[in-house]
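Asks: Make a model of this:
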Amino acid sequence: GPFQGCSMLEMCFGMLCGIPETCTPGVLIKCGDDVIIFDTNDCDWSRAGFTALAHRSTKEVAFTHGVFCLENGPNGELTEKPRCRRFTHKPSLERLRAYGALYNDEREAYTDSTFFFDMRTASALLEWFDSVGRTLSCEVDAYGDFLQALGPEADESYIGSGESELHTARRGLFKALRGKELNVGLADRSRFWHIGTLPEVLDHFSGISSFLPEAAGLPDARTPWQYMQGPHGLGYYLEASQAKSCVICSRIDPGAQIGQRTVVEYSEVASGCNIGTDCLVSSCSVPSGVSIPAG
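Replies: Next comes the predicted model:
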């Protein structure tokens, strides 16, 4: 039909649907601006405390994400289920070295994405929220402010010495979460795409990256270049060197023109319309004859 395709929310549900049948009751935290393909069995979701996916990433990626500092085996190698000593958020190279968080000749680290916590942990957070009158006047980060309080080597250095509302909230969270385990599952075979910026949306959905073929479950993204329609309902081209347009849950009249590296979602585009290259058209009704310039 004319409304084929799926939203980011639906893609998130699809990639996480295997977790509920293996986890204990609890809360799952998932960012809305990334897509992850991974094997649910890479992680044991039934453990107490926090459980998180850890993705092998370059150190450059680690600088702008959260990083797990893992416990090595007796010969310096990672075990199958390593204990997480601590978590650090958007660290410098010096901090990564000091915390022993770099691998593969200091080229890689394990970064964060989705995490889960059980109901006992949820109760501890609710008790803390009750203690502050169920009111917060600052933003609390579920990654930087929750996860940095965890692990046997966690300390209060990330909190700072100020007396602002945020400093006070972080101290309260540190006390509430102190001693909770941070379990990790090494998702070495996972694929991770960040889609939080406009250039990333255009690149990933127009075929410049390998996102659409891999999200469709193709075994090899370098198959012969041709138009495909994946199980996720999105049409795409496999030729990485030439961007195409992508239409998501929209009705496009055959007489309309859609430029390269342009994404149209949840919209109607009438006959005679011309949408230029490098555009994102979302939730619009574009009447006949309208021209949208490139960019």
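
Asks: Please count neighbours and contacts with C-alpha atoms only from this point.
Replies: OK.

Asks: Please name the residues that touch the most centrally placed residue in the chain.
Replies: For the chain, residue 34 is the residue whose C-alpha lies nearest the centre (C-alpha atoms, centre = their mean; 3.4 Å). Residues near residue 34 by C-alpha atoms under 8 Å, 6 or more residues apart in numbering: 192-196.

Asks: Who does it form a beta bridge with?
Replies: Residue 34 has these beta-bridge partners by DSSP bridges: residue 194.

Asks: Report the backbone C-alpha coordinates of the lengthiest strand in the chain in CSV.
Replies: Criterion DSSP state E: the longest strand present in the chain is strand 50-58. Provided in CSV are the C-alpha atoms of strand 50-58 (Å, rounded to 0.1, in the frame of the first residue of the first chain):
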residue,chain,number,x,y,z
PHE,A,50,21.7,-2.9,36.2
THR,A,51,22.3,-4.9,32.9
ALA,A,52,23.7,-3.1,29.9
LEU,A,53,24.7,-3.8,26.3
ALA,A,54,28.4,-3.0,25.6
HIS,A,55,29.4,-2.3,22.1
ARG,A,56,33.0,-2.5,20.8
SER,A,57,33.7,1.0,19.4
THR,A,58,36.7,3.1,18.3
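
Asks: Now the next helix or strand after it - C-alpha only, PDB.
Replies: Beyond strand 50-58 on the C-terminal side, the first helix or strand identified by DSSP states H and E is helix 59-62. Extracted in PDB, the C-alpha atoms of helix 59-62 (Å, rounded to 0.1, in the frame of the first residue of the first chain):
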ATOM      1  CA  LYS A  59      38.200   5.300  21.000                       C
ATOM      2  CA  GLU A  60      37.000   8.300  19.000                       C
ATOM      3  CA  VAL A  61      33.400   7.200  19.500                       C
ATOM      4  CA  ALA A  62      34.100   6.600  23.100                       C
END
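
Asks: Please consider this matter closed, and thank you.
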